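Student: structure here, sequence nowhere to be found:
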């Protein structure tokens with residue numbers, strides 16, 4: 001069930017998450033130059049927000065998007081790779097969330113997480129999304145609604 005490109009689909013929704021988190025990583029990077037106490041608190045808060053967004057994003061991909069793609073596509077190597085990338089990101093997120101202050105190691109972990117997410121996003125945009133959109137077996141518009149509802153539910157649980 002290919003989508004007419006006029007209507008937003010699951011890939012558009014997931015990519016909006018990517019852009020949102022990229023902005024937050026940029027904001028974090030701008031704060032890294034400052035040694036003030038307020039900058040340190042802002043970095044902690046921003047890192048927490050980044051971790052929450054990424055956790056929810058990964059969960060909806062793993063619960064809804066990837067299983068649907070796995071069922072619809074013949075070549076699923078890229079999905080296995082994406083799932084391994086998710087696990088590595090989750091490990092870094094757990095380390096960041098376990099740290100109490102925005103010190104040099106905290107900055108390094110957030111920076112590496114950002115680089116890692118950049119790599120993951122490029123693969124989704126260039127490989128996974130085009131294959132999902134080319135599949136006749138996926139209703140990506142209906143999936144968008146399902147993902148949006150699940151994201152809202154997960155964000156509510158975290159609030």
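Tutor: Arrived safely, thanks for sending. Just so it is clear, the structure is predicted and the values come from calculations on it, not from any experiment. Numbering: from 1, shown residues only.

Student: how about the helix or strand that contains residue 78: buried residues?
Tutor: Using DSSP states H and E, residue 78 maps to helix 77-97. Neighbour-count burial for helix 77-97, counted by 16 or more other Cβ atoms under 10 Å, picks out 78, 79, 82, 85, 86, 89, 92, 93, 96. C-betas here are computed from N, CA, C, even on glycine.

Student: my guess is the fourth one contacts residue 115. True?
Tutor: No: using Cβ atoms under 8 Å as the test, residue 85 is too far from residue 115 to be in contact (11.8 Å).

Student: which stretches of this structure form helices?
Tutor: Applying DSSP state H to the chain gives helices spanning 10-31, 37-60, 66-72, 77-97, 104-123, 129-134, 140-158.

Student: pLDDT below threshold where in the protein?
Tutor: Low-confidence segments of the chain, defined by pLDDT under 70: 1-6.

Student: specify the residue positioned farthest from the middle of it.
Tutor: Using Cα atoms, centre = their mean, the residue of the chain lying farthest from its centre is residue 36. It sits 29.2 Å away.

Student: and that one, backbone torsions?
Tutor: Dihedral pair for residue 36: phi -70, psi 160, per degrees, to the nearest 10.

Student: from residue 54, how far out is it?
Tutor: The spacing between residue 36 and residue 54, counted by Cβ to Cβ, to the nearest Å, is 26 Å.

Student: got it, and residue 85?
Tutor: For residue 85, the distance to residue 54 (Cβ to Cβ) stands at 11 Å.
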